[in-house]
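Here is the input, now give the coordinates:
(one chain, ligands or ions: 1)
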Amino acid sequence: MRTPQLNRLLVAGAATAALGGGLVAATPATAATATPAAPAAPTTAAATASGPAKAQAAPKFQLPFACGQKWQLNTWGHSPALDMVKEPTQHGTEGAALLAPASGTVVASFRHDNGGHVVQIRHTGRHYTTYLHMKYRSVSKGTWIAKGTKIGAVGKTGKLGNNHPHLHYEQGYDKNNNGSVTWGSPAAERVAASFNGKKYTGKLKQWDNVKSANKCAPKKYYVTTKAAATAYASPTSKKAVGRLGKGRSYVFCAAKGRSFSYKGTSKYWLYTELDSGSKSGWVSAAYLGKGGARPKDLAGRHIPYC
Ligand SMILES: [Zn+2]
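Just a heads-up that it's a prediction; the model follows:
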């Protein structure tokens with residue numbers, strides 16, 4: 001019988017052991033540094049420059065888990081690195097799919113004595129993420145991956161996995177601009193982690209029920225169209241791509257575009273999936289019958305701009 005309390009103690013024990021022994025070997029994994037610039041990298045011209053340069057903005061990272069899952073984040077004594085277990089009981093931690101928190105190039109995918117199965121991704125602007133103790137890895141070095149791509153699963157591999165399933169996660173920044181980041185020790189180039197725009201850092205801190213917004217489907221706003229609407233390729237295009245039926249329907253977002261008349265004129269356009277023709281397209285908000293006002297959904301909320 002596993003209780004959350006007991007499990008938390010076990011994680012704490014694991015962290016203590018990690019603190020005592022140093023999380024991973026003092027030298028960063030050679031695989032992470034052997035080939036700094038993978039050919040597939042769409043960015044990081046900076047990696048070839050030399051010397052320190054001005055800090056570059058990080059991409060908007062999401063938690064590396066499926067949309068809606070809740071996880072506990074804990075820095076223990078190894079802030080800014082985080083350990084993560086699945087809420088509410090840790091059940092399902094082992095084997096949970098790990099998804100790329102932002103797009104990037106896999107720069108390391110290997111087995112490490114202490115860290116177990118390890119993956120490291122280089123994102124834009126000299127920012128990196130590193131994953132330890134994985135159950136398995138499903139990406140290989142040199143591959144460019146989109147945000148939300150599965151990179152493997154959470155596990156307990158490596159001596160410092162302490163036989164307790166959890167994700168050890170690090171965000172890194174290539175401070176010395178040598179085309180790689182070090183990880184796994186207090187002296188490494190790791191930095192405070194943030195997810196969905198919020199920072200999670202500080203010694204001995206814990207956050208419960210942090211919800212993943214990775215690869216979530218776009219939010220739907222329900223509207224009623226007064227007639228079947230022709231859909232266009234963009235808010236400014238006159239190229240018809242399909243039709244949206246009359247009646248209750250949903251849209252994702254709004255934008256300003258060319259004037260369009262249907263029992264009134266509107267400059268607003270709505271992006272949605274279509275009933276026929278292309279999968280998606282733009283329909284005029286004039287079909288909502290609201291004239292020149294910024295379109296709202298049936299609950300009276302403004303439809304956000306795309
Ligand atoms: Zn850890």
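
Just give me the neighbour total for Lys175.
15 (other Cβ atoms under 10 Å). To be clear about C-beta, it is placed using only N, CA and C from the backbone, and glycine gets the same treatment.

which residues touch the closest residue to it other than its chain neighbours?
Nearest residue to Lys175 in three dimensions, chain neighbours excluded: Glu189, at 5.1 Å (Cβ to Cβ, 6 or more residues apart in numbering). By Cβ atoms under 8 Å, 6 or more residues apart in numbering, the residues touching Glu189 are 172-176, 181-183.

try Lys150
Counting by Cβ under 8 Å, 6+ apart, Lys150 makes contact with 97-99, 138-139.

Check Gly257 too.
Counting by Cβ under 8 Å, 6+ apart, Gly257 has contacts 234-236, 267-269, 282.

same question, Leu270
223, 251-254, 282-285, 288, 295, 303.

Quick check on it: phi, psi?
phi -120, psi 130 (degrees, to the nearest 10).

For the stretch 101-250 of the chain, which residues are neighbours of the ion?
Within the stretch 101-250 of the chain, the positions adjacent to the ion are His168 by Cβ under 5 Å from the ion.

count of residues packed around Lys267?
Lys267, neighbours per other Cβ under 10 Å, totals 16.

circling back to that earlier point, go ahead and build a ChimeraX selection from the buried members of the contacts of Gly257.
The ChimeraX command for the buried members of these (criterion: 16 or more other Cβ atoms under 10 Å) is given here:
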select :235,267,268,269,282
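
What strand or helix carries the closest residue to the ion within the stretch 51-200 of the chain?
Across the stretch 51-200 of the chain, the shortest distance to the ion (Cβ to the ion) belongs to His168, at 3.5 Å. Using DSSP states H and E, His168 sits in strand 167-173.

Show me what that strand is packed against.
strand 82-86, strand 127-137, strand 190-191, strand 193-195 (3 or more Cβ pairs under 8 Å, 6 or more residues apart in numbering; DSSP states H and E).

Let's have those in CSV, adding mean pLDDT.
Output for the helices and strands packed on strand 167-173, formatted as CSV (pLDDT from 0 to 100):
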stretch, mean pLDDT
strand 82-86, 98
strand 127-137, 98
strand 190-191, 97
strand 193-195, 97
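
Adding distance to Ala229 and mean neighbour count, write the ones you listed out as TSV.
TSV is the format used below for the helices and strands packed on strand 167-173 (distance: least, Cβ to Cβ, whole Å; neighbours: other Cβ atoms under 10 Å):
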stretch	distance to Ala229	mean neighbour count
strand 82-86	43	24
strand 127-137	42	24
strand 190-191	48	22
strand 193-195	38	22
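
one step back: pretty sure the residue of the stretch 51-200 of the chain closest to the ion contacts Leu132?
Yes. Between His168 and Leu132 there is a contact at 3.9 Å, judged by Cβ atoms under 8 Å.

quick one: contacts of the strand holding His168?
23, 55, 58, 61, 64, 80-85, 93, 98, 115, 126-134, 154, 160, 181-184, 188-194.

so where do the helices sit in this protein?
In the chain, the segments counted as helices under DSSP state H are 4-21, 30-34.

Please list all residues in contact with Ser212.
Ser212 neighbours (Cβ under 8 Å, 6+ apart): 62-71, 195.

just the buried members of these?
Of these, these count as buried by 16+ other Cβ under 10 Å: 62-66, 69, 71, 195.

can you tell me which of those residues lies nearest to Pro218?
Of all those, Gln62 has the smallest distance to Pro218: 14.0 Å, by Cβ to Cβ.

Leaving out the residues flanking it, which one is nearest to the closest one?
Leaving aside its sequence neighbours, Gln62 sits nearest to Asn214 (Cβ to Cβ, 6+ apart; 3.8 Å).
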